[in-house]
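Enquirer: sequence first, predicted coordinates after that:
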There are 2 protein chains.
Amino acid sequence: MNKRKKEIIDLSIKYLRKYGFDSFSFQDIAKELGIAKASIHYHFPSKEDLLNGVLDEIKLGLIAIRSELRVVDQNTQKLKRFFEIMITLNPKEFICPISSLQAEYFVFSEEIQDKIRDISKTEIGIISEILETGRDEGEFVFTSSPEEEAKILLSSYKGFLLYSRALEKEVEDDLIERLVEKLLK
Amino acid sequence: MNKRKKEIIDLSIKYLRKYGFDSFSFQDIAKELGIAKASIHYHFPSKEDLLNGVLDEIKLGLIAIRSELRVVDQNTQKLKRFFEIMITLNPKEFICPISSLQAEYFVFSEEIQDKIRDISKTEIGIISEILETGRDEGEFVFTSSPEEEAKILLSSYKGFLLYSRALEKEVEDDLIERLVEKLLK
DNA sequence: GTCTATACAAAGATAGAC
DNA sequence: GTCTATCTTTGTATAGAC
């Protein structure tokens, strides 16, 4: 992909995570990159095209994380590594881009909604697979399905990010430890 | 409060919870009420004025819930009743208005941010108080502070609402039961 | 590939009639 | 209290020059 195109997408994800998709404009992106608003339209004719680019990038990110986790051997470690990556990607004031998209879900076209659903499922799939294997190997104990447990785990973490920005508090390092402890032992 | 004013606020909260604050317009509200866009401006000169009205209404709602819970005697029952109310207020496709505001937090002025923080703290306070009393009376067991536990509990539930809309699944009735079970026993 | 210029639509907002 | 009319600003989008 074109270097400029990549820059625009990365910046859009930043704005998405800080303000929401409807709350930033081509002008915001153009200004920060020091180019004209119209130049953004060259790379992405419409804002929906830009969103498509953003969604593809998020999906690729998830796939990369999944690959990285394949080489980690313990399931507890996989889980910790997953959230370690999440925390690195989510500094203070920034929420998960997927949460942001879910919050505005009904603003988007069906095509976009389908992509958001696919991304949400992929993410749940990653955690769910770890939980299932971990349960079968005796590392984790839980009563409901791996998928339901994965949803609770991800929900807790992401909901926490939302609260943290309003409370103006950093997410504490041991949050994941506590969540895993609580939910899976 | 004026009847029309109340209608506008209630409808705004509905739109806030379905699309986000930046994603609905005075026009949307006016159309649904069958009045002119300018009529909304009569009640709320600016959109920030409208948001202030929305925030006051949300705060009053929380205070009403707190009062209602005071007459419930068991702490487990208080907790269940709280989420029972939440579930009734959050039908399919609608997320918690507080989550929605937290997602757009940095779009708003400092004055608004302060109000969102106050609302977030009030909500956590309600749950936190129940958890603390419940722990002291031996109903609940948890290791971290009542406030931290309250944040996790609320985060799980609200994060779950976000996922549910993207997965196009209803939140199952036993979610709260499972969360309380997991987190506090 | 990025620019200027411009069009077009929508949103927020105001003034003044009824 | 609600209306019409109008204004301003902003956001998305297009055309065509460099």
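Expert: Sure thing, it's come through. Just so you know, these numbers come straight off a predicted model, no measurement behind them.
Enquirer: how many neighbours does residue A:184 have?
Expert: 19 (other Cβ atoms under 10 Å in any protein chain shown). C-betas here are computed from N, CA, C, even on glycine.
Enquirer: near DNA strand D, which residues of chain A?
Expert: Within chain A, the positions near DNA strand D by Cβ under 7 Å from any atom of the strand are A:25-28, A:37-38, A:41-42, A:45-48.
Enquirer: ok, and the most crowded of those residues?
Expert: Within these, neighbour counts (other Cβ under 10 Å) peak at residue A:26, which reaches 19 neighbours.
Enquirer: packing partners of the longest helix seen in chain A?
Expert: Across chain A, the helix with the greatest residue count (assigned by DSSP state H) is helix A:110-136. With contacts defined as 3 or more Cβ pairs under 8 Å, 6 or more residues apart in numbering or on different chains; DSSP states H and E, the packing partners of helix A:110-136 are helix A:47-70, helix A:75-89, helix A:97-103, helix A:146-167, helix B:146-167.
Enquirer: identify the residues contacting the stretch of helix or strand residue A:9 belongs to?
Expert: Here residue A:9 is covered by helix A:3-19, with elements defined by DSSP states H and E. Where contact means Cβ atoms under 8 Å, 6 or more residues apart in numbering or on different chains, the residues beyond helix A:3-19 that reach it are A:23-24, A:28-29, A:32-33, A:40, A:43-44, A:50, A:53-54, A:57-58, A:90, A:93-97, A:100-101, B:104, B:106-107.
Enquirer: what of stretch A:156-176?
Expert: Counting contacts by Cβ under 8 Å, 6+ apart, the residues outside stretch A:156-176 that touch it are A:79-80, A:83-84, A:86-87, A:90, A:92-96, A:98-99, A:179, A:183, B:98-99, B:101-103, B:105-106, B:113, B:116-117, B:120-121, B:124, B:151-152, B:154-160, B:162.
Enquirer: picking up where we left off before, turn the helices and strands packed on helix A:110-136 into TSV, including mean pLDDT and distance to DNA strand C.
Expert: What follows is the helices and strands packed on helix A:110-136, written out as TSV (pLDDT from 0 to 100; distance: least, Cβ to the nearest atom of the strand, whole Å):
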stretch	mean pLDDT	distance to DNA strand C
helix A:47-70	98	13
helix A:75-89	94	26
helix A:97-103	98	17
helix A:146-167	96	22
helix B:146-167	96	21
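Enquirer: name the stretch among these that sits most buried.
Expert: Of all those, helix A:97-103 has the most neighbours on average by mean count of other Cβ atoms under 10 Å in any protein chain shown, namely a mean of 25.
Enquirer: does it reach chain B?
Expert: Yes - judged by Cβ under 8 Å from any Cβ of the partner chain, helix A:97-103 comes into contact with chain B through A:99-103.
Enquirer: show me what that helix is packed against.
Expert: Here helix A:97-103 touches helix A:3-19, helix A:47-70, helix A:110-136, helix A:146-167, helix B:97-103, helix B:146-167, going by 3+ Cβ pairs under 8 Å, 6+ apart.
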